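[1] Need coordinates for the below:
(2 chains)
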Amino acid sequence: MENRKALVVDDEFHIVQVVSIKLKNNGFEVTTAENGQMAYDLACEVKPDVIITDYQMPVMSGVEFIEKLRSNEETAATPVIMLTARGFAIEDDRKDALRVSAYLSKPFSPREVLQTVDDVLKQTAAV
Amino acid sequence: MKRETAIWISLGAGNLLASAVGVTAGLGVLPKQAVVIATVLALLTGTGFLLLIWRHLGKLRKISQTLDSQAMIVPADFRSTVLEETAASVRGYSLKVKEQVICVQEENQALSLQLQVLGRRKSNIEEIINSIRDAVVVSDDKGRVILANHSAEKLFGFKFDPQSPKPVAEMIGEEALQLLIQRCRQSRTAHVRHELTFERGGEPVTFDVVLSCVLDDTSGEAAQVVTVLHDVTREKEIAQAKNDFVSHVSHELKTPLASINAYAEMLVDGEAEDEDTRNQFCEVIQSQAQRLGRLIEDILNISRIESGLIKVHKETHSLALVVRDSVEMIKSYAQEKNISIDAPAPILYDQVYIDRDMVSQVVINLLSNAVKYTPAGGHITINSELNEADGQVTVTVTDTGVGIPAEDVDHVFDKFYRVEANNKYAKGTGLGLNLVKQIVETVHSGAIFVTSVQNEGSTFGFTLPLSVDAAQSVS
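    From the prediction side, this is the model:
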């Protein structure tokens, strides 16, 4: 359970804060970013076990960020949980290529985020 | 005599019918077959009349010949008696003929009067149909357009000529509508409703199309299809805007609510490890609740103004004083960011008839936006200008802030519009400037405007009409 690393990406400060604290309190080492570009650079550097990202952000959106992750061999397999808003939609073929492990629609509860992160990591470990 | 009476009646009826048919046929009231039948009838009865006269003349001739041949044996008084009786009988007939002629003339007069009335009614109905803003097209059993009003002519770009009805396919380009008319005629549907969208002037225009099949009374065959097209584009736009508004509002309300929920849950779960963190969580909950409150207040105010339900208390005020008070309220916020504010010297006679609270809200909103989007050390200038000729006063707020990208400038007064590029400088509801616009334009019949250069700054301003009293004192 030691050294689990999470990257939390959202342009909304409160969401980043609440998710970070919840994960930190549950044994995660947390890095944060406020847009896709920043997040990609950090992902390459930190190599997190799991990434939680918003889909709509300035500079680089969540979808573009994940596409960039998938194109890089080192980060291609990192499990991603995406935070979405109501009415969120991406084309099916694009969605398949993203290989997002779970979608969480806002408003979500911190407990729900932690539970999803645990489930996704268990699944990844089993594979 | 009985037979003669019958012939007389039929003769009269024949004449009546013939003249009626003659007149109505001219006006196109009766169908061709009816005209033919009536003419034949009239000819037949006319021939009957001639035959009758001929028979009587023959009889008289015979009597006269007999009397001549038997002159010696028939007494003279008998001769005169027969002649007198015959003469009387002929006189009787001619009298009856005269009566019939008078009767037919009267009927003729009555009929032409009725026809005049019908003619007037027909042109009146045409006027009514043409005055309808909906497009009306009537087609017959052969699928030809036999009636179309001006709106239909304009919509489909044809000229309707009642003398030469053309097929629907020739008059109406839209195949979907041709098909609906055809289907309605074939299925004899009494009433059917469809929504069709046509391209007009490069824009889609949506119509509520109602088709009714009118059946022939006698044969029960489908006779005519009445098509009415009502333009519902505007209604649809309004409905769409309402839906968008509701979905946008719920999304905007959810954002602060989500934060409140998440932080409250963190507190409940004991995730805040020290007093400071707990306090910070409580502050987030409080500020998000306040944001939620502001949002609801803004939405309600916009909705009240739009529906005309807001209570407006207008009085005559000096706009310069309203501006001065608003500057006082914003000063400390500007000082925190080290932003200087240049306020104007009050203008005399800038009396405006306004709801003071609402106009204060406008000025405060423009000023606080200027502070929000101007980096520390910047500058804000307020200007007032009195235009006596137009009876207007203009207030502008100019900042040295981040400015607005060109593609966003035209939309900053739209509901929920947020300039994406400037999101990082301040969080907003996207309702403030819309409310400002509504207060200036809807409540005070003024005008709002903005000019901006990215990375240089923006100027927001509004113009209000001077109050009538003020305008008089100026002159």
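[2] Assumed residue B:110 was part of a helix.
    Yes: assessed with DSSP: H, G, I helix; E, B strand; the rest coil, residue B:110 lies in a helix.
[3] Close to chain A: what parts of chain B are there?
    When proximity is defined as C-beta under 8 Å from any C-beta of the partner chain, chain B approaches chain A at B:247, B:250-251, B:254-255, B:257-259, B:261-263, B:265-266, B:269, B:271-273, B:277, B:284, B:288, B:420-421, B:423-424. Placement of C-beta: from N, CA and C, glycine included.
[4] Just the buried subset of those residues, please.
    B:254-255, B:257-259, B:261-263, B:265-266, B:271-272, B:284, B:288 (16 or more other C-beta atoms under 10 Å in any protein chain shown).
[5] And the residue of chain A closest to chain B?
    In chain A, the residue found nearest to chain B is residue A:107; the distance is 2.8 Å by C-beta to the nearest C-beta.
[6] which residues does that residue contact?
    B:254-255, B:257-258, B:261-262 (C-beta atoms under 8 Å, 6 or more residues apart in numbering or on different chains).
[7] Out of those, which is nearest to chain A?
    For the contacts of residue A:107, the minimum distance to chain A (C-beta to the nearest C-beta) is 2.8 Å, reached by residue B:258.
[8] Apart from its chain neighbours, what residue comes closest to that closest one?
    Nearest non-adjacent residue to residue B:258, counting by C-beta to C-beta, 6 or more residues apart in numbering or on different chains: residue A:107, 2.8 Å away.
[9] so how many other residues sit close to residue B:467?
    22 (other C-beta atoms under 10 Å in any protein chain shown).
[10] circling back: which pair in the buried ones among the residues of chain B next to chain A has the greatest spatial separation?
    B:254 and B:272 (23.5 Å; C-beta to C-beta).
[11] So what pairs up with the one residue sitting closest to the centre of chain A in the strands?
    Closest residue to the average C-alpha location of chain A: residue A:52 at 1.9 Å, with C-alpha atoms, centre = their mean. Under the criterion DSSP bridges, residue A:52 forms beta bridges with residue A:8, residue A:81.
[12] Domain-wise, how is chain B divided?
    Annotated domains of chain B cover B:2-128, B:133-231, B:236-307, B:315-474 [automatic domain parsing].
[13] I'd like those domains as JSON lines, with mean pLDDT appended.
    JSON lines is the format used below for the domains of chain B (pLDDT from 0 to 100):
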{"stretch": "domain B:2-128", "mean pLDDT": "70"}
{"stretch": "domain B:133-231", "mean pLDDT": "89"}
{"stretch": "domain B:236-307", "mean pLDDT": "87"}
{"stretch": "domain B:315-474", "mean pLDDT": "87"}
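[14] coming back round to it: tell me the one of the buried ones among the residues of chain B next to chain A nearest residue A:114?
    Of all these, residue B:271 has the smallest distance to residue A:114: 9.9 Å, by C-beta to C-beta.
[15] related to what we said a few turns ago, most packed of the domains of chain B?
    domain B:315-474 (a mean of 18; mean count of other C-beta atoms under 10 Å in any protein chain shown).
[16] Strands along the stretch 1-150 of chain B, start to end?
    Along the stretch 1-150 of chain B, counting by DSSP state E, counting those that start in this stretch, strands occupy B:135-139, B:145-148.
[17] Give the pairing partners of the longest one; include direction for each.
    Using DSSP bridges, the neighbouring strands of strand B:135-139 in the sheet come out as strand B:145-148 (antiparallel), strand B:222-231 (antiparallel).
[18] My read is that the residue nearest to the centre of chain A contacts residue A:19, right?
    Yes: in this structure, residue A:52 is within contact of residue A:19 by C-beta atoms under 8 Å, at 6.1 Å.
[19] what residues do those two have in common as contacts?
    A:8, A:113.
[20] residue nearest the centroid of chain B?
    The residue lying closest to the centre of chain B (C-alpha atoms, centre = their mean) is residue B:133, at 6.2 Å.
[21] which residues touch residue B:203?
    No contacts exist for residue B:203 under C-beta under 8 Å, 6+ apart.
[22] Can you pull the phi/psi pair for it?
    phi -110, psi 140 (degrees, to the nearest 10).
[23] Can you list the buried residues in the helix or strand of chain A with the lowest mean pLDDT?
    Least confident element among the helices and strands of chain A, by mean pLDDT, DSSP states H and E: helix A:92-98 (a mean of 78). By 16+ other C-beta under 10 Å, the buried positions in helix A:92-98 come out as residue A:98.
[24] List the contacts of it.
    With contacts defined as C-beta under 8 Å, 6+ apart, helix A:92-98 is touched by A:63, A:66-67, A:70, A:80, A:82, A:90.
[25] Let me know the closest of the residues you listed to residue B:318.
    Relative to residue B:318, the closest of these is residue A:63; by C-beta to C-beta it sits at 54.4 Å.
[26] that older thread, now, the contacts of residue A:107 that are in helices?
    Of the contacts of residue A:107, the ones assigned to helices by DSSP state H are B:254-255, B:257-258, B:261-262.
[27] Output those in CSV, with distance to residue B:113 appended to each entry.
    Output for the ones in helices among the contacts of residue A:107, formatted as CSV (distance: C-beta to C-beta, whole Å):
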residue, distance to residue B:113
B:254, 75
B:255, 78
B:257, 78
B:258, 81
B:261, 83
B:262, 87
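[28] Between those, which sits nearest residue B:126?
    Proximity of these to residue B:126 (C-beta to C-beta) peaks at residue B:254, which lies at 57.6 Å.
[29] about what we covered before: for the residue of chain A closest to chain B, give me phi and psi.
    Torsion angles, degrees, to the nearest 10, at residue A:107: phi -80, psi 140.
[30] which stretches of chain A form strands?
    A:4-9, A:28-33, A:50-54, A:80-84, A:102-105 (DSSP state E).
[31] right, and those strands - which one's nearest residue B:376?
    strand A:28-33 (25.2 Å).
[32] now the angle from the closest one to strand A:4-9?
    Relative orientation of strand A:28-33 versus strand A:4-9 (axes from the mean of the first three to the mean of the last three C-alpha atoms, to 10 degrees): 20 degrees.
[33] Sheet-wise, list the partners of strand A:28-33 with their directions.
    Going by DSSP bridges, the partners of strand A:28-33 are strand A:4-9 (parallel).
[34] Thank you, goodbye.
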